[in-house]
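Asker: return atomic coordinates for the entry below.
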Amino acid sequence: MDFSKEIVREMAGMGGTFLYGNVVGNVSPDIEWIKWLSYEPEFEKKRIEYLDSKKVSELSYEELNEASIYSRNKMFAKLFKAYGTKECSEEDYIKVYNFMCEESIEKLMLSKLTVEELQYAKQEITRLLDIPKEQLCAKVQEEQRPEKYEKLSMVDSYILHIMSNVDYARARSDLDRKIGKQLEQNDVVIRKSLCYANNSYMNL
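Answerer: This next block holds a predicted model:
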C-alpha cells in the first residue's frame with residue numbers, strides 16, 4: 001500500500017492543502033505555482049497565437065507537444081487556485097499534488113524568463129551572495145510576505161526563490177554547527193563525569 005497516496009486522499013476529503021516542495025524557508029509552493037503557471041510573458045503569448053493560427057494537421061510533433069504544455073499550464077493554474085477548497089474534487093486534488101511532486105518549478109521559471117531577465121537575475125544573485133547573512137535573511141523574510149510577494153516582478157520572484165533556498169541552507173548549516181558544538185560539549189561533560197566517578201570509586 002502507498003501510504004503517501006492514502007494520506008493525500010484523506011486530505012482531499014478533509015479539505016486544506018497537502019504541499020510538496022520546499023515548504024520551510026520559502027514561499028508556499030502552491031502560491032509559487034499559481035504565480036508562474038498563470039504568467040504568460042509576451043514571447044509566450046505570441047508563440048501561443050502562432051500555434052493557434054495553424055490547423056492541428058499542420059503542426060509538427062514538437063509544436064503539438066509545445067501547445068499541449070501551454071494548455072496544461074493553463075489548466076493547472078486554475079486547479080491550483082481551487083486546490084484545498086470545496087470547488088476542488090478529490091480527483092483534481094490528487095492531480096495537483098502529483099503535479100507538484102513530478103514537475104520542476106525551477107524549470108518552469110526559467111522557461112518564462114527572457115535572456116535579459118536571466119542575465120539580470122544572475123548578476124543580482126551574485127551580488128546578494130556577498131551581502132551579510134543577516135541582511136539577506138531580512139530581505140528574504142520581507143519579500144516572502146504575501147502582500148509583498150504578490151507585487152514582485154517575475155524576475156524578482158525567481159531571485160527570491162533562489163535566495164530563499166540559499167538562506168535556508170545557510171540557516172541549516174549554522175544550526176548543524178551549533179548542535180555539533182553542543183554535542184561535543186556534552187560529550188566532554190559526560191567524560192569528565194565518568195572520570196570523576198571512577199576516581200571517587202577508586203578512593204573508596
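Asker: can you give me the strands in this protein?
Answerer: For the chain, strands defined by DSSP state E do not occur.
Asker: where in it is pLDDT low?
Answerer: 1-25, 173-204 (pLDDT under 70).
Asker: give me the number of residues near Leu108?
Answerer: When neighbours are counted by other Cβ atoms under 10 Å, Leu108 registers 16. In this view, the C-beta of every residue, glycine as well, is placed from N, C-alpha and C.
Asker: relative to Phe99, how far out is it?
Answerer: As for Leu108, its distance to Phe99 is 11 Å (criterion: Cβ to Cβ, to the nearest Å).
Asker: contacts only, for the nearest residue to Phe99 once chain neighbours are set aside.
Answerer: Among residues not flanking Phe99 along the chain, Phe76 sits closest, at 5.8 Å (Cβ to Cβ, 6 or more residues apart in numbering). Phe76 is in contact with Trp33, Leu37, Lys95, Val96, Phe99, counting by Cβ atoms under 8 Å, 6 or more residues apart in numbering.
Asker: surely the third one and Leu79 touch.
Answerer: Yes. In this structure, Lys95 sits in contact with Leu79. The criterion is Cβ atoms under 8 Å, and the distance is 6.3 Å.
Asker: that older thread, from the contacts of Phe76, keep the buried residues only.
Answerer: Among the contacts of Phe76, those buried by neighbour count (16 or more other Cβ atoms under 10 Å) are Trp33, Leu37, Lys95, Val96, Phe99.
Asker: for the chain, which segments count as helices?
Answerer: Taking DSSP state H, the helices of the chain run over residues 3-14, 29-38, 42-52, 61-82, 90-102, 105-112, 115-128, 133-144, 146-149, 154-202.
Asker: out of those helices, deepest packed?
Answerer: helix 29-38 (a mean of 20; mean count of other Cβ atoms under 10 Å).
Asker: chain center to that one, what's the gap?
Answerer: Computed by Cα atoms, centre = their mean, to the nearest Å, the chain-centroid distance of helix 29-38 equals 10 Å.
Asker: how much space between Ala82 and Cys88?
Answerer: 4 Å.
Asker: oops, could you answer that again for Lys112 instead?
Answerer: Lys112 sits 25 Å away from Cys88, taking Cβ to Cβ as the criterion.
Asker: likewise for Leu152?
Answerer: Noted for Leu152: a distance of 26 Å to Cys88, by Cβ to Cβ.
Asker: higher neighbour count, these two?
Answerer: Ranked by neighbour count (other Cβ under 10 Å), Leu152 and Cys88 place Cys88 first, with 20 against 16.
Asker: the more buried one contacts Lys81, doesn't it?
Answerer: No. Here Cys88 lies out of contact with Lys81, judged by Cβ under 8 Å, at a distance of 9.2 Å.
Asker: now do the shared contacts for these two.
Answerer: Counting by Cβ under 8 Å, 6+ apart, Cys88 and Lys81 have no common neighbour.
Asker: how about the contacts of Phe76 in CSV, adding distance to Arg127?
Answerer: Shown next, in CSV, are the contacts of Phe76 (distance: Cβ to Cβ, whole Å):
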residue, distance to Arg127
Trp33, 27
Leu37, 29
Lys95, 39
Val96, 35
Phe99, 33
